[in-house]
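Visitor: No letters, just coordinates:
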């Protein structure tokens, strides 16, 4: 018989879950000879968020420059295929100085050296930023077999004409080995600028051949790292590429089911957006209002206590609301697939209650919408008195003209009631933001599908 855990057991505190995930994944990937000593060393790490970043891209796209700036900002160890190949023959070193692809016969040796290098204490404690390998699907498999799994993969891309232009203007600092460019990347220090030398670069034919070789492998590279990879357009100022890549590598990977909360004023599109996200990501759509109406209709004792508040349009007390909400979020579908909650919390106290429960959200989005837009949207909403279904002229029109003709505007959608709800939300918004300071704010004045596209750039 399949083992099914109690749903509440899956709602572990996110920070605690992340700790155990890091601990277990470290044991599985490293497979240390002495697990106890490894665990002791692991617990002495300065941070669980030590970066493991991999940079991919064609030659002359700017991988090495970006890797250096990222490693400096993240205080991580900067690793390159060149630095790892110091023990190989001078012939191999020359080929790597010219950025010729790592040959398959030396790739295995390179992976072995990388595996040993990552076990050193600086990489273990600080993390690492790796550039130069893998370049092929075979090398990806070698890294995976060695247990070298990046947390983030940054892939740079640019048109061939841009790569040719950058290849021609390469400059090198003879002391530090840092790479600059006559037009795109120049040192701020005049002393460094005066000592720069023209760097060794590939001919146009060699570069195009290497780019073509990379293009043949890029599909396999993307497939191998699809869950942790993001492609960046390198045909823009290096500072912009750096900021975009830094934002990406500083995001923590979500390994658990999503627990999403949508916060916003009436008319901001919470319900419609929740439905779209539920369909796209297969999470459970939990509407607080619909949940309360369902409890009232089932004839339970708790529903009988809630009904008087619903009949007169008064807020349901948290003492009655929280048990209903916790009962729904503890069900198996929410535990296995995750959930997206809207209509709750509405104020600071409700946010605190949710935060103190075992159902803390791990993603919170504030939908920013103006009062005028909210009023306009709600004026297009109507309720079918026969079925009780709610429709919207734009986002969810009535299925037939017969239903459309009998739609009525609910009392709570009248201008006076809406104005009061908007005023109340603005009053409570500051308190909600205090509880969720790291929440993501989205422009909800745009159409819902544009909001979904914006959310697609955020890893749910």
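Guide: Cool, the structure landed. Everything numeric here is computed off the predicted structure, so don't read it as measured data.
Visitor: what number of residues lie near the closest residue to residue 146 other than its chain neighbours?
Guide: Nearest non-adjacent residue to residue 146, counting by C-beta to C-beta, 6 or more residues apart in numbering: residue 115, 4.8 Å away. C-beta here means a position set from N, CA and C on the backbone, and glycine is covered the same way. Neighbour count for residue 115, taken as other C-beta atoms under 10 Å: 16.
Visitor: Could I get the phi/psi values of residue 115?
Guide: Dihedral pair for residue 115: phi -60, psi -40, per degrees, to the nearest 10.
Visitor: quick one, what contacts it?
Guide: The neighbourhood of residue 115, defined by C-beta atoms under 8 Å, 6 or more residues apart in numbering, consists of 146, 147, 148.
Visitor: Throw those residues into JSON lines and include pLDDT and distance to residue 369, thanks.
Guide: Putting those into JSON lines (pLDDT from 0 to 100; distance: C-beta to C-beta, whole Å) gives the following:
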{"residue": "146", "pLDDT": "85", "distance to residue 369": "50"}
{"residue": "147", "pLDDT": "83", "distance to residue 369": "47"}
{"residue": "148", "pLDDT": "89", "distance to residue 369": "46"}
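Visitor: pLDDT of the helix or strand harbouring residue 306, averaged?
Guide: Using DSSP states H and E, residue 306 sits within helix 301-312. Averaging pLDDT along helix 301-312 gives 90.
Visitor: buried sites along whichever helix or strand comes after that helix?
Guide: Counting by DSSP H and E, the next helix or strand C-terminal to helix 301-312 is helix 318-329. With burial defined by 16 or more other C-beta atoms under 10 Å, the residues of helix 318-329 counted as buried are 318, 321, 322, 324, 325, 326, 328, 329.
Visitor: Over to stretch 65-72?
Guide: Within stretch 65-72, the residues scored as buried using 16+ other C-beta under 10 Å are 65, 66, 67, 68, 69, 70, 71.
Visitor: Which ones among those residues lie within helices?
Guide: 65, 66, 67, 68, 69, 70, 71 (DSSP state H).
Visitor: Just send those back as JSON lines, with distance to residue 354 and pLDDT too.
Guide: Below are these laid out as JSON lines (distance: C-beta to C-beta, whole Å; pLDDT from 0 to 100):
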{"residue": "65", "distance to residue 354": "45", "pLDDT": "86"}
{"residue": "66", "distance to residue 354": "40", "pLDDT": "93"}
{"residue": "67", "distance to residue 354": "41", "pLDDT": "93"}
{"residue": "68", "distance to residue 354": "43", "pLDDT": "90"}
{"residue": "69", "distance to residue 354": "40", "pLDDT": "91"}
{"residue": "70", "distance to residue 354": "36", "pLDDT": "94"}
{"residue": "71", "distance to residue 354": "39", "pLDDT": "93"}
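Visitor: could I get those as a markdown table with distance to residue 26?
Guide: Supplementary listing: those in a markdown table, determined by distance: C-beta to C-beta, whole Å:
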| residue | distance to residue 26 |
| --- | --- |
| 65 | 31 |
| 66 | 27 |
| 67 | 24 |
| 68 | 27 |
| 69 | 28 |
| 70 | 22 |
| 71 | 21 |
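Visitor: Pick the one among the residues you listed closest to residue 232.
Guide: Nearest to residue 232 among those is residue 66, at 8.9 Å by C-beta to C-beta.
Visitor: wait, that closest one sits on residue 154?
Guide: Yes - judged on C-beta atoms under 8 Å, residue 66 makes contact with residue 154 at a distance of 7.3 Å.
Visitor: before we move on, back to that, ranking the contacts of residue 115 by neighbours, who comes first?
Guide: Neighbour counts for the contacts of residue 115 (other C-beta under 10 Å) peak at residue 148, which has 20 neighbours.
Visitor: circling back to that earlier point, quickly list what's touching both of residue 66 and residue 154.
Guide: Between them, residue 66 and residue 154 share these contacting residues under C-beta under 8 Å, 6+ apart: 55, 245.
Visitor: May I see the buried residues of the helix or strand where residue 124 lies?
Guide: Here residue 124, judged by DSSP H and E, is contained in helix 121-126. Applying a neighbour-count criterion of 16+ other C-beta under 10 Å, the buried positions in helix 121-126 are 123, 124, 126.
Visitor: Report the residue spans of the stretch 201-350 of the chain with pLDDT below the cut-off.
Guide: Applying pLDDT under 70 to the stretch 201-350 of the chain flags the ranges 201, 252-256.
Visitor: In it, what residue spans correspond to strands?
Guide: Applying DSSP state E, counting those that start in this stretch to the stretch 201-350 of the chain gives strands spanning 229-233, 259-263, 284-287, 339-342.
Visitor: With mean neighbour count and distance to residue 51 added, can I get those strands in TSV?
Guide: Formatted as TSV, the strands of the stretch 201-350 of the chain follow (neighbours: other C-beta atoms under 10 Å; distance: least, C-beta to C-beta, whole Å):
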stretch	mean neighbour count	distance to residue 51
strand 229-233	17	14
strand 259-263	24	25
strand 284-287	19	33
strand 339-342	26	30
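Visitor: Reformat those strands as TSV; add distance to residue 406.
Guide: What follows is those, written out as TSV (distance: least, C-beta to C-beta, whole Å):
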stretch	distance to residue 406
strand 229-233	49
strand 259-263	30
strand 284-287	23
strand 339-342	27
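Visitor: Quick one: closest of the ones you listed to residue 365.
Guide: Comparing those by C-beta to C-beta, strand 259-263 comes nearest, at 5.5 Å.
Visitor: what helices or strands is that closest one leaning on?
Guide: helix 270-281, strand 339-342, strand 363-368 (3 or more C-beta pairs under 8 Å, 6 or more residues apart in numbering; DSSP states H and E).
Visitor: Return the most buried member of the ones you listed.
Guide: Ranked by mean neighbour count, these are led by strand 339-342 with a mean of 26 (mean count of other C-beta atoms under 10 Å).
Visitor: All set now, cheers.
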